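> fold the following, please.
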Amino acid sequence: MKSLIVDAALIPHEEATLGGAQSSNLREIIENLRTPKLKAWLSKAQALEGTTLSEESLNTPLEEGIRLCLADSSHATQISSGFSGHAHALALRSLPKETAQASALEGWALISLCHWHVNSGQVFMLRSEPLDEQGSEMLREELSPFFAQVGISLFKHMPGVWLAKSELFQALPTANLSRAMGQEVEPWLVGNTFAFPKERTHQSQSLKRLQSEVQMLLYQHPINQGRIAPLNSIWFSDTGTSYLDAAQVHWLSRTPQPTQLESSSTNSIWISEHLNAARNQGDWRDWAQTLERMDADLFAELNTGGFERLIFCGSHSTKVWGNRPKHGLAGMLLTLKASVFSRSPLSSVFHEN
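Okay, the predicted model is just below:
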């Protein structure tokens, strides 16, 4: 089954119910959305069971969406256990093959520069101003020897985020950065998370020591000159070794060509992160405009049979739709449901449960 996963497509419940001008503007933006191709497909689709992540979940809804698409239960279990292998999947995409192919004893991780804010004796993860590519590369070169001392190799990925390879990341449960954002850091630290396996304690202790050392190096570092929220720590996430390339995961930067869809495996997964930037900035008008552009091209593939399943991801849950049965009682019931949906507002599709 060819699946399309759209990250940041669901509006968090707290955003939609804040009240006041912001909530009113958001409702108006959603009600004025023009996505006819998406609506046409959804009117004929079958709503399938999505997921709502628990407060203890280490993963993001995007990782949960990928898990729902995996046919191999062992690979799905790996993702749900907190070692998604996302970093390795990115390495396989962006690094030379001989670099990205890890041995059986090695895993991968994303290492993100971040800002920790101390308030009343508690430490919270807060957003910081973005780091430019030059500053990120300068810092990576400066810090690489310290990481190398514990067997970690650092590779360029994007400003403020590096790919890292080490046996320390093999089957190591870690919390995604977005799970800790805006919250107290302590419960989400590597080794502190819910039901962390004791056999991984050595790995987590090594990483915590490295984390403390980097914090001291970043204290009063020139990179933070003029910053309101200084980069004063690092975060380990997206750990493990990926099986996602075997499932033929495609990270979309543009609309897939029909020949690409036809030649991809029957169990291929296509992932859109086009909405992430606008969602992270809270710019819902830009979010809506991006969604309308996606409707003009990407969602058109739904109606031509390019995709058979659609998954929308939010801040803590997923919504799933699939092609409905064409015949039998189930098909008749879904036809009736579709006629009802066609008269209902599309805005409900974009709200988290």
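> count of residues packed around the closest residue to M125 other than its chain neighbours?
Using C-beta to C-beta, 6 or more residues apart in numbering and skipping the chain neighbours, the partner closest in space to M125 is A180 (4.6 Å). All C-beta atoms are positioned from the backbone trio N, CA, C, and that covers glycine. A180 has 22 neighbours, counted by other C-beta atoms under 10 Å.
> and for Y243?
By other C-beta under 10 Å, neighbour count at Y243 equals 19.
> for G82, see how far away the nearest residue to it once chain neighbours are set aside is.
Nearest residue to Y243, sequence neighbours excluded (C-beta to C-beta, 6+ apart): H75, at 4.3 Å. Using C-beta to C-beta, to the nearest Å, we find H75 at a distance of 14 Å from G82.
> OK, contacts around A171?
83, 107, 200, 240 (C-beta atoms under 8 Å, 6 or more residues apart in numbering).
> could you identify the buried members of these?
By neighbour count, with 16 or more other C-beta atoms under 10 Å, the contacts of A171 hold 83, 107, 200, 240 as buried.
> so the first one: helix, strand or coil?
Which is F83. coil (DSSP: H, G, I helix; E, B strand; the rest coil).
> just checking, it touches T239?
Yes - the pair F83 / T239 is scored as a contact, 4.9 Å apart, by C-beta atoms under 8 Å.
> where do the contact lists of those two overlap?
107, 169, 172-174.
> dump those residues into JSON lines; add pLDDT as well.
Below are the shared contacts of F83 and T239 laid out as JSON lines (pLDDT from 0 to 100):
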{"residue": "G107", "pLDDT": "94"}
{"residue": "F169", "pLDDT": "96"}
{"residue": "L172", "pLDDT": "93"}
{"residue": "P173", "pLDDT": "94"}
{"residue": "T174", "pLDDT": "94"}
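> and the gap between I79 and S43?
In terms of C-beta to C-beta, I79 sits 31 Å off from S43.
> which one of these two is surrounded by more residues?
Between I79 and S43, counted using other C-beta under 10 Å, I79 has the larger neighbour count: 24 against 17.
> what ranges do the strands span in this protein?
In the chain, the strands defined using DSSP state E lie at 3-6, 45-52, 107-119, 122-126, 153-158, 161-166, 233-240, 249-252, 269-272, 309-313, 317-323.
> which strands and helices sit next to the longest one?
Packed against strand 107-119, as judged by 3 or more C-beta pairs under 8 Å, 6 or more residues apart in numbering; DSSP states H and E, are the following elements: helix 86-94, strand 122-126, strand 161-166, helix 177-180, strand 233-240.
> so for it, what gets flagged as buried?
Judged by neighbour count using 16+ other C-beta under 10 Å, the buried positions of strand 107-119 are 107-116.
> now do it: distance to the chain's middle.
16 Å (C-alpha atoms, centre = their mean, to the nearest Å).
> within the sheet, what are the partner strands of that strand, with directions?
Applying DSSP bridges, strand 107-119 is found paired with strand 122-126 (antiparallel), strand 161-166 (antiparallel), strand 233-240 (antiparallel).
> which one of the ones you listed is the most hemmed in?
Highest mean neighbour count of the strands paired with strand 107-119: strand 233-240, a mean of 25 (counted as mean count of other C-beta atoms under 10 Å).
> what average pLDDT does it get?
For strand 233-240, mean pLDDT rounds to 95.
> tell me what angle it forms with helix 86-94.
80 degrees (axes from the mean of the first three to the mean of the last three C-alpha atoms, to 10 degrees).
> who touches strand 233-240?
Identification of contacts with strand 233-240 by C-beta under 8 Å, 6+ apart yields 78, 82-88, 90, 107-116, 125, 164, 169-177, 180, 190, 207, 211, 214-215, 218.
> 6 Å instead, please
Contacts to strand 233-240, defined as C-beta atoms under 6 Å, 6 or more residues apart in numbering, come from residues 83-87, 107, 109-112, 114, 116, 169, 172, 174, 176-177, 190, 207, 211, 214-215.
> so what's S317 up against?
52, 61, 352-353.
> per-residue pLDDT, the nearest residue to it once chain neighbours are set aside?
For S317, ignoring the flanking residues on the chain, the nearest one in space by C-beta to C-beta, 6+ apart is T52 at 4.3 Å. pLDDT for T52: 92.
> again with V340
43.
> same check on the one 5 residues further on?
Reported pLDDT at P345 in the predicted model: 63.
> likewise A246?
So A246 comes in at 61 (pLDDT).
> who does the lengthiest helix in the chain touch, helix- and strand-wise?
Of all the elements of type helix in the chain, the one with the most residues (DSSP state H) is helix 201-218. On a contact count with 3 or more C-beta pairs under 6 Å, 6 or more residues apart in numbering; DSSP states H and E, helix 201-218 meets strand 233-240.
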